[in-house]
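>>> coordinates only, sequence not included:
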């Protein structure tokens, strides 16, 4: 169903958006991420171009052509270019074209690879990481990048207590012993440090902001990225132009990229089909079929980590009864949801984890649509004849409204009467986080290539998020999650996470609904555009075959 | 009463109206249920941001002081800070103003170009077939959803026939003329019903006037009559009708700017609603209120200045 | 001040000599007015079609058929095809019409009542009461109708209730102005002066003697006001701020179908035409009533 605004709940008022980034989640990152980071490091440290992150997703490749101006139509404007404080996705993905971190996420989203760093070594006690910086990297204003800049950048983010500071809590101090070496000293052993350093918030900016104040600097930030800031007409367009001092030879291909703010789905679609824009972000799901059939554009569905769930509040009767939760979970036809909401462009979910997350268990089954099982489970439960309950839905979100209606009609034959309560998004979210609901939808997308953030958020009742606000508490599952945090053996981690996923699915603490991809429409002259499962893209790999906008 | 005293009276009446406009916009904050700062900030609410917003809006002070703060800021050109962007609202408004002004002016011109000939056609032969045909136009037009009409124009003339760019403001004067034609036409079409009716009525008035009868008796041909006398006397009311209906005109631009992705004040306001950017909404509403009041004043003055025969009672 | 206003039927006030003209002769002639008649007939047809929906279609407006969406005209028994969720367009058009018409009519009642009361007070008592009320009117009128409506919807939340509140807060002014104008003139008539000297209370004079004669202007205006309200509701729904999905209404239908204008063009075009025709019917009624008043007094 198309609405005026993108139907991606994650861009609007999804319940998880703010919570995910609260400082209380410092416990979320795990020891095991290091192993992944190491694996990712090892495989691509050799690439002189710093690891390619693109795989052409549009028409036949051919040789990249230099030149051209690309217009990127977005449903929402960026909010701010201050990497240390901004949480809004569009801002993040744009900032990533201006500043770059020491490491970056691999194309498949499951690891990290060196970027502004070329390698690193760890001290014996695991508390000091000595990182070698890439030589010859310059900021867009021509100044060479040195370790002092890196030190300043990390310290700036560490100090952002209301922003991304929490991601760097494990860092005790940063030293710059020589121009191309940086030493990161940790407070305690912390394997995810490389994954943390790969987050955009730790992008490298000039030492002391080049003499400006933070506010002045972030009005026109300077970085080592492929593009530099040109202008931002708020509510209209944000333009970046080619960084002629960029360190990857031959790149970027484009002369400039302009992100325009076009909230209306239909308008974006008209722009990209008529050539006024080259990329349309998040087209309405209902239009995917007709766009696929349109020869003048290419529709891409990039695998993402986005998952939609239905949460049950175990503090409210009868959701404390596992049979009730199972019954509801069995009664939902996830294929029907996929058809209705994303028009078939998704897949039913079987686990708390989406497939793009490391240690995802494809075999954990999950409770899929089975009316007989639903009836059997309900018969065994404390409410064999059904009951009445409320499903809270935030207003203005047509996806959730659609799912709610379908769920309501699917639970009726069981004798379960669902009252759909529509509240304004802030109230709905507030109620969710304070446990004042019966059933409510929730959503997740990953920030980093490691499952611990999601596992802790969703399965550990003592973490600030109280098991995704369901108050679910299964000691065996908690034990498995915590075990996976401290071991570096990936086989052991896989076993732990399999246990956690399978049991969580059996306990039906939430009904896992479906996974959905990131949809983009590109003009047929666009090449090299690729989006990682975490949502970021590298515009330095993109080129236009006709060479003009 | 004379012209000057009329103008003076209107100016004086402007003051309470302007104050009233500020009071209503100021009061919007207090219509918000619950704790205004928390509700406005929604997901961005945390102790720091709530405290900052309370301070900015003066919510921790008594009502009168709050209002005074509001007015004081206003006189210093401070319209507050955007909750979404963190930049000044006045800079947002000034950057978005040109596109809207262009749209308004363009739409007004197109509306006059369409309405004046049609109204003349109708008025020249009252109750004839062509009069009735023209009179149906407003009947259809009053019920026409502007955005729907815009969508259709956009798809058929823009996408299918590629006569005009589908969206945007364009650059350069000719660029604007081309890009803004469809949106301006959409707004104009919404306005024509009102304009045609008023023009026709005023033209009929003029046509019934004595000097017209005299001219006819003298043998002045119909066409000359129309152009020299009727039109000239009718265009002025056309402009004033537009002025009076500026509120209606502006309302039309809001949704049209969305459909055609024009970076004007209407888009700013609608985006602000979805971004829950209260300060922008409040300031834009205030801006519109003041604009309408000013335009109404100018219209009244123009009416007085241009038409010597009009007399004024309150 | 404005002699030329947005009011589509700026008819002059009835002349004093016939203020108490027998209502009978007016009624006797209404069916002779072609405009009024056409409008009424059209409106009755529209109302019938919308409210007799169960008779005209066997489809439920919310039943989806995701296997076979976007059916063409006449396919599989769907008169106007189906939308992208497989819901029957004809059914949604009819049931949606119920929603829009109902909201628009109810939304007119409160401003009508409120405006007439306020306008009567201003017109009858004059003086400072009038001055204050007219200032308030000026202030409310200063805000473009739609700007104020969406600002209020933001503040109050989406949905029917907010729409009613927002439209009432903004819409009463026209009725107030019309009524004030009428009463200012009407109160100078002889029978009013007689009633006053006879000791009748102001309330009685206003309600029993003045209002019945001046209310017709407001009724005429109400017709165009309903049209305005339908447009406002449809626009709000298009933006996602009005009627919430999955409830069918003409605005959400236009919004849902806009992506398919080049292929299944009827999905967006037909609801828009429905709005235009409904607007036409109501405008004809308004014009017809205005004509009736004019001729009825000559």
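Alright, I've got the coordinates. As the structure is a computational prediction, the values presented were derived from the model and not from experiment. Numbers count the residues shown, from 1 in each chain, chains lettered A, B, ... in the order given.

>>> so what's the spatially closest residue to residue A:371 that is not a sequence neighbour up against?
The shortest distance from residue A:371 to any non-neighbouring residue, by Cβ to Cβ, 6 or more residues apart in numbering or on different chains, is to residue A:331 (6.6 Å). For every residue, glycine as well, the C-beta is placed using N, CA and C. By Cβ atoms under 8 Å, 6 or more residues apart in numbering or on different chains, the residues touching residue A:331 are A:369, A:371, A:374, A:410, A:411, A:414, A:416.

>>> can you redo those as JSON lines with pLDDT and distance to residue C:247?
Listed next are these as JSON lines, based on pLDDT from 0 to 100; distance: Cβ to Cβ, whole Å:
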{"residue": "A:369", "pLDDT": "92", "distance to residue C:247": "27"}
{"residue": "A:371", "pLDDT": "92", "distance to residue C:247": "28"}
{"residue": "A:374", "pLDDT": "93", "distance to residue C:247": "28"}
{"residue": "A:410", "pLDDT": "91", "distance to residue C:247": "20"}
{"residue": "A:411", "pLDDT": "93", "distance to residue C:247": "20"}
{"residue": "A:414", "pLDDT": "91", "distance to residue C:247": "25"}
{"residue": "A:416", "pLDDT": "93", "distance to residue C:247": "23"}
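
>>> Next up, the contacts around residue A:407.
Residues counted as contacts of residue A:407 (Cβ under 8 Å, 6+ apart) are A:310, A:332, A:391, A:418.

>>> wait, is it part of a helix?
Yes. Note on residue A:407: a helix contains this position according to DSSP: H, G, I helix; E, B strand; the rest coil.

>>> now the contacts of residue A:407 as JSON lines including pLDDT, neighbour count and secondary structure?
What follows is these, written out as JSON lines (pLDDT from 0 to 100; neighbours: other Cβ atoms under 10 Å in any protein chain shown; DSSP: H, G, I helix; E, B strand; the rest coil):
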{"residue": "A:310", "pLDDT": "95", "neighbour count": "23", "secondary structure": "strand"}
{"residue": "A:332", "pLDDT": "94", "neighbour count": "24", "secondary structure": "coil"}
{"residue": "A:391", "pLDDT": "94", "neighbour count": "22", "secondary structure": "strand"}
{"residue": "A:418", "pLDDT": "92", "neighbour count": "20", "secondary structure": "strand"}
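
>>> Now flag whichever of the residues you listed is closest to residue B:305.
Within the contacts of residue A:407, distances to residue B:305 taken as Cβ to Cβ reach their minimum at residue A:391, with 63.5 Å.

>>> Dig out what the closest residue to that closest one other than its chain neighbours forms beta bridges with.
By the measure of Cβ to Cβ, 6+ apart, the closest residue to residue A:391 outside its immediate chain neighbours is residue A:439, 4.7 Å from it. Beta-bridge partners of residue A:439, counted by DSSP bridges, are residue A:312, residue A:391.

>>> Tell me how many other residues crowd residue A:439.
Counted with other Cβ atoms under 10 Å in any protein chain shown, the neighbours of residue A:439 add up to 26.

>>> quick revisit: quick one, phi/psi of the residue nearest to residue A:371?
phi -80, psi -10 (degrees, to the nearest 10).

>>> Any stretches of the chain with poor pLDDT?
No chain was given, so I picked chain A. Low-confidence segments of chain A (pLDDT under 70): A:1-61, A:396, A:488, A:547-549.

>>> To clarify, I was referring to chain C.
Across chain C, residues meeting the criterion (pLDDT under 70) sit at C:1-32, C:245, C:295-298.
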